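Asker: using only what follows, build the 3D model:
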Amino acid sequence: MTLTKALLPGLSLTQKAAMAVAGSLFIALAAQIAVPFYPVPMTLQTLAILIVGLTFGARLGGATLLLYLAEGAVGLPVFANGASTLAYMMGPTGGFLIGFAMMAVLAGLAVETGLARGFVRMAIAAVVVSLLLYVPGLAWPAALMGKTMPELWSGWMSPFLIGDAVKAVLAALVVTGGWAALGKRA
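Answerer: Okay, the predicted model is just below:
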């Protein structure tokens with residue numbers, strides 16, 4: 001069971017749509033909190049995506065991320081540093097953007113299947129999901145720009161690993177804290 005279902009059982013389609021909009025805005029705000037890195041800025045975007053996935057579940061979390069990507073594709077400044085447009089999405093960071101939907105779905109599945117029950121298991125699941133984001137994130141620039149594995153490791157992955165692990169643990173803390181506030185166990 002997800003935190004959303006525990007808090008708000010029996011959501012209507014309209015309420016789910018409102019949750020998806022709110023979640024996409026949360027992610028867009030988190031994307032604006034950035035530390036300049038090249039080629040990919042370090043943002044709180046993945047923290048927000050993990051919180052959405054772990055809280056909303058696979059379907060609503062995935063739908064929220066698809067909405068977020070659609071907002072960016074039509075030109076709303078929702079990506080890091082206010083970036084947007086379909087052309088931006090096809091650029092070097094496109095694999096990470098596409099991987100965000102996968103990230104939310106996998107985090108949601110971890111909760112729904114019981115793999116992410118309790119803080120420790122949720123933190124481990126969030127770290128694993130964060131690492132899986134690198135699969136499409138690195139495959140994209142490798143295919144698009146011909147980047148080699150040493151280039152991908154040094155510029156696209158290794159500088160972000162510690163931050164991603166910290167964000168995964170923070171997401172688990174936030175969600176298990178929500179369960180504790182409800183008086184239930186994650």
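
Asker: list the buried residues in the longest helix that the chain contains.
Answerer: Among the elements of type helix in the chain, defined by DSSP state H, the one spanning the most residues is helix 161-182. The neighbour-count check on helix 161-182 (16 or more other CB atoms under 10 Å) flags 163-164, 167-172, 174-176, 178-179 as buried. (C-beta placed from N, C-alpha, C; glycine too.)

Asker: nearest to Val128 among those?
Answerer: The shortest gap between Val128 and any of these belongs to Ala168, at 8.4 Å (CB to CB).

Asker: picking that back up, list of residues touching the longest helix of the chain?
Answerer: The list of residues contacting helix 161-182 from outside it, by CB atoms under 8 Å, 6 or more residues apart in numbering, reads 3, 6-7, 42, 44, 46-47, 50-51, 54-55, 107, 111, 116, 118-119, 122-123, 125-127, 129-131, 133, 185-186.

Asker: now that helix - C-alpha only, CSV.
Answerer: Output in CSV follows, covering the C-alpha atoms of helix 161-182 (Å, rounded to 0.1, in the frame of the first residue of the first chain):
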residue,chain,number,x,y,z
LEU,A,161,26.7,9.1,-7.1
ILE,A,162,27.1,10.4,-3.5
GLY,A,163,24.5,13.1,-4.0
ASP,A,164,22.1,10.5,-5.5
ALA,A,165,22.6,8.2,-2.5
VAL,A,166,22.0,11.0,-0.1
LYS,A,167,18.8,12.0,-2.0
ALA,A,168,17.6,8.4,-2.0
VAL,A,169,18.0,8.2,1.8
LEU,A,170,16.3,11.6,2.3
ALA,A,171,13.4,10.4,0.2
ALA,A,172,13.1,7.3,2.3
LEU,A,173,13.2,9.5,5.5
VAL,A,174,10.5,11.7,4.2
VAL,A,175,8.1,8.9,3.2
THR,A,176,8.7,6.8,6.3
GLY,A,177,8.2,10.0,8.3
GLY,A,178,4.8,10.4,6.5
TRP,A,179,3.9,6.8,7.6
ALA,A,180,5.0,7.6,11.1
ALA,A,181,2.8,10.7,11.2
LEU,A,182,-0.1,8.5,10.1
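
Asker: and the residue nearest the centre of this structure?
Answerer: Within the chain, one residue has its C-alpha closest to the average C-alpha position: by CA atoms, centre = their mean, that is Ile49, at 2.6 Å.

Asker: isn't that one up against Phe26?
Answerer: No. Because the distance of 9.3 Å does not satisfy CB atoms under 8 Å, Ile49 is recorded as not touching Phe26.

Asker: just the pLDDT for Gly146.
Answerer: According to the prediction, Gly146 has pLDDT 89.

Asker: do the same with the one 4 residues further on
Answerer: Reported pLDDT at Pro150 in the predicted model: 87.

Asker: surely Pro77 meets Tyr88?
Answerer: No. Under the criterion of CB under 8 Å, Pro77 lies out of contact with Tyr88, with a separation of 10.1 Å.
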